[in-house]
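Undergrad: Here's a sequence, model it:
(one chain, ligands or ions: 1)
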Amino acid sequence: MCRHMAYLGPPASLAELLLEPEHGLLEQSYAPRDMRGGGTINADGFGVGWYSDGAVRRYRSARPMWTDASFAEFAGGVRSGAVLGAARSATVGMPVVETACAPFTDGIWLFSHNGRIAGWPESAAKQAARLDVVDLLTLDAPTDSALLWALLRQRLGAGADPAGAVAELVGEIAAAAPDSRLNLLLTDGTRLIATTWTHALWVRRGAGAVTAASEPFGGGGWTEIDDRRLVVADRDGVRVTALVEGDR
Ligand code: GLN
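TA: Numbers count the residues shown, from 1 in each chain. Purely as a prediction, here's the structure:
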């Protein structure tokens, strides 16, 4: 299953965050250590989103991350204090195209999904029916992750509670398609919101920084997040709550 990470903190280069660390996203793309739920490597493309001068920038490619020499060339020169990266292992039956790679974006948001909707696409049809036809026409790709993003971004309007929207979406999809794997990761550049739903997630806090990642990298200080949790973090703190009432 795909690997993803998000960082909020003092500005750092994309190379420092993704390429250079021991077991960073680059290494996780070809030698992941904890691929629960299938897949051996994350070779079906990758993507990185970051914030610069208040705007979202994004680079995606359908190539394996380790073969993209041009990304490696510019990654050292791009610095940001808010970055979301993902390396993709396409779910069987889903297309290997650039537009299926996270992060998905709209306005200030960057989004990634690690997992799959069980029984796709039939199981998700009811959820899809809740979308305006225009939203369906603007799906980045015919994949479960792109559908999740369309469902979520509809709920991120002004005044919305993004953490509540993420938790609600996971609950709805898990009910409509049990056995789904729903590790979501969302940021607006100032806070990050993540879920664990049958995949791994680790969080590290540093001086004015927070990182969430499918697998720990670049030294210690990581805490593993239990399953079925909602993580809401910013540069000053991390809050972890149960997604399912009754879970401890
Ligand atoms: N199901 C999603 C896709 O194909 C995410 C895959 C993953 O987490 N491995 O693209």
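Undergrad: What mean pLDDT does the lengthiest helix in the chain get?
TA: Identified as the longest helix of the chain according to DSSP state H is helix 162-176. Helix 162-176 comes out with an average pLDDT of 97.
Undergrad: got a list of contacts for that helix?
TA: For helix 162-176, contacts defined as Cβ atoms under 8 Å, 6 or more residues apart in numbering pick out 117, 123-124, 126-127, 148, 151-152, 155-156, 180, 182, 184, 186, 188, 191, 193, 195, 197, 230, 232, 243. Placement of C-beta: from N, CA and C, glycine included.
Undergrad: ok, and does it reach over to the ligand?
TA: No - Helix 162-176 stays clear of the ligand (Cβ under 6 Å from any ligand atom), getting no nearer than 12.0 Å.
Undergrad: Strands of this protein, start to end?
TA: Shown for the chain, the strands assigned by DSSP state E span residues 3-13, 46-52, 55-61, 79-87, 104-106, 109-116, 181-187, 191-196, 202-206, 209-213, 222-224, 229-234, 237-242.
Undergrad: May I see the ones you listed organised as a markdown table, with mean pLDDT and mean neighbour count added?
TA: Formatted as a markdown table, these follow (pLDDT from 0 to 100; neighbours: other Cβ atoms under 10 Å):
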| stretch | mean pLDDT | mean neighbour count |
| --- | --- | --- |
| strand 3-13 | 98 | 23 |
| strand 46-52 | 98 | 24 |
| strand 55-61 | 98 | 17 |
| strand 79-87 | 98 | 25 |
| strand 104-106 | 98 | 21 |
| strand 109-116 | 98 | 27 |
| strand 181-187 | 98 | 26 |
| strand 191-196 | 98 | 24 |
| strand 202-206 | 97 | 18 |
| strand 209-213 | 98 | 22 |
| strand 222-224 | 98 | 13 |
| strand 229-234 | 98 | 19 |
| strand 237-242 | 98 | 13 |
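Undergrad: of these, which approaches the ligand most closely?
TA: strand 109-116 (4.2 Å; Cβ to the nearest ligand atom).
Undergrad: how about the residues of the chain that lie near the ligand?
TA: So the chain meets the ligand at 1-2, 39, 88-91, 94, 100, 113-116, 143-145 (Cβ under 6 Å from any ligand atom).
Undergrad: what is Val56 paired to in the beta sheet?
TA: When assigned by DSSP bridges, Val56 has beta-bridge partners Tyr51.
Undergrad: and it, what does it touch?
TA: Val56 makes contacts with 49-50, 105, 107-110, 189, as judged by Cβ under 8 Å, 6+ apart.
Undergrad: do Ala212 as well
TA: Here Ala212 is in contact with 5-6, 185, 192, 194, 201-203, 231, 233 (criterion: Cβ under 8 Å, 6+ apart).
Undergrad: what do you get for Leu17?
TA: 5, 7, 24-25, 83, 85.
Undergrad: Distance check, it against the ligand.
TA: According to Cβ to the nearest ligand atom, to the nearest Å, Leu17 stands 20 Å off from the ligand.
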